[in-house]
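[1] coords please:
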Amino acid sequence: MSKNTNQNELLIMAKTLGILGGMGIYLAAVIFICIYLGGLADDYLGAGGAGKMAGILLGFPIAVYSIYRQIKDLQNHY
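    Now for the predicted structure:
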């Protein structure tokens, strides 16, 4: 393989790593925000932890769906 081919492969790998890393951070941030909002609901309503559980159960599907949309947009872009 030529040196130019190796550089192109490294560039593609770096872009892919950046995209996937960003999606992982996005997933964690969305779930954290939903858990935080669930905690606020717990404090306000006195639900005893049910708000945080609802935050987890609602936050994960929201995050997965929005990441799915991002991946779908990437497929259309490339």
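[2] from the chain's centre, how far out does the strand or helix carrying Q7 sit?
    According to DSSP states H and E, Q7 maps onto helix 3-45. Centroid displacement of helix 3-45 relative to its chain, using Cα atoms, centre = their mean, to the nearest Å, is 4 Å.
[3] mean confidence for whichever helix or strand comes after that helix?
    Counting by DSSP H and E, the next helix or strand C-terminal to helix 3-45 is helix 50-77. Averaged over helix 50-77, pLDDT sits at 89.
[4] now for helix 50-77, which elements pack on it?
    The elements that helix 50-77 packs onto, with contact taken as 3 or more Cβ pairs under 8 Å, 6 or more residues apart in numbering; DSSP states H and E, are helix 3-45. For every residue, glycine as well, the C-beta is placed using N, CA and C.
[5] now do the helix it packs on against helix 50-77, angle only.
    Computed with axes from the mean of the first three to the mean of the last three Cα atoms, to 10 degrees, the direction of helix 3-45 lies at 150 degrees from that of helix 50-77.
[6] what average pLDDT does helix 3-45 get?
    Taken as a whole, helix 3-45 has a mean pLDDT of 90.
[7] tell me the contacts of the most centrally placed residue in the chain?
    The chain has L27 as the residue nearest its centroid, 2.2 Å off, counting by Cα atoms, centre = their mean. The neighbourhood of L27, defined by Cβ atoms under 8 Å, 6 or more residues apart in numbering, consists of 63-64, 67.
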